[in-house]
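>>> Show me the folded form of this:
(one chain, ligands or ions: 1)
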Amino acid sequence: MGQVRLDRLVSHLTGLSRKDASKFIKEGQVKVADETIFDPAFKVSDSQSVVIDDLETQVSDIYKKRYFMVNKPQGCICADKDRNLPVVVDLLQDELNLESLHCAGRLDLDTTGLLIVTDDGDLNHKITSPKKEISKTYLARTNLKIEESLIDRFAQGLKHPKEVKRYKSAHLEILEENLGKVTVSEGRYHEVKRLFELCGLEVIELKRIAIGKLNLDETLDEGEYRPLEESELQLLFA
Ligand code: URA
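The predicted structure follows:
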C-alpha cells in the first residue's frame, strides 16, 4: 500500500465520511505513531500505527478483512439494526466501524452458540448459501424423550407443511434422553426446531456448536467473542 492519506484511513476505519473524518482529525482525536496529527492530508505509511479512541491499529492491517467468532447469547438478534432488541454486532463494542460487520447467517433469538461475524461478504455468502452445503451442528434439548426411530426419519429428509421443498438428510445422534446432536447441511429457517416438531417434539434449548469443522470455543462465555485465526477459517470449509 505504501503511503495513504490519514483522512482516508480514518474514514475506512470508523465508517465516517471523508468530511467527518477530516473534522475528527482536526479536533485532535487521532494519533499516528504516538503523536497527535491535526492534518487530514498527512501521509501515513504501512509500518506505522493509528490510534483512535485508545484503540491502536497497525496500518498494514487496516484493509484486511475481519473475522470474529461470537458465542451468541439468548435475546439478541442477528440483524444489522433493531428497534426493540439488542443486535449481535453490539457485542463487538471494542471494534471500530461496526456498521461494516455482519452476522454470517442467522440464529433464532433464543438460540445460543457459534456465530461468525465478518466484513467479508464473500465468506458470508459461502457460509450461508444452502447450495454450498456447509454443515452446521447443534445441541438440541427437547421436551420429550428422543426415540431411536427419529435417527432414520431425520436421515430420510422430512417435509414441513410450511416449506415447499423437503429438508435434506440430517444427522441425529442421541446423547441423552432429551438431548440430541443434529447436523444439517442447508441451514434453512427454523430447520432444527421444525425437524423435531415434525416428529412431535419441541426444542426447548438450542445451541450451535460447530460450522463445518470449526467448533465453538467453549472458553468464550455467552456474549463473548474473539478474532478467528487463519487456520480456523479453513476449518469452516474442511
Ligand atoms: N435451526 C433452528 O431451528 N433455529 C436456529 O436458530 C438454527 C437452526
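
>>> For this protein, what lies in contact range of the ligand?
Contact residues (Cβ under 6 Å from any ligand atom) of the chain with the ligand: Leu107, Asp108, Thr111, His190, Glu191, Val192, Lys193, Leu206. Glycine gets a C-beta too; all of them are placed from N, C-alpha and C.

>>> Let's see that with 8 Å instead.
Residues of the chain that fall close to the ligand, judged by Cβ under 8 Å from any ligand atom: 106-108, 110-111, 136, 138, 184, 187-194, 203, 206, 208.

>>> Going along the chain, name the helices of the protein.
6-14, 18-26, 121-128, 149-156, 191-198, 230-236 (DSSP state H).

>>> would TSV of these with mean pLDDT and mean neighbour count be doable?
Listed next are the helices of the chain as TSV, based on pLDDT from 0 to 100; neighbours: other Cβ atoms under 10 Å:
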stretch	mean pLDDT	mean neighbour count
helix 6-14	91	21
helix 18-26	95	17
helix 121-128	94	15
helix 149-156	97	15
helix 191-198	96	20
helix 230-236	94	14
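
>>> about what we covered before: can you flag the buried ones in the residues of the chain next to the ligand?
107-108, 111, 136, 138, 184, 187, 191-194, 203, 206, 208 (16 or more other Cβ atoms under 10 Å).

>>> Out of those residues, show me where the pLDDT dips lowest.
Minimum pLDDT for these is recorded at Gly187 (84).

>>> Per the annotation, how does this protein divide into domains?
3-61, 67-130+214-235, 135-211 (automatic domain parsing).

>>> before we move on, the earlier item: so which of the helices of the chain is nearest Pro86?
Pro86 lies closest to helix 121-128 among these, at 20.7 Å (Cβ to Cβ).
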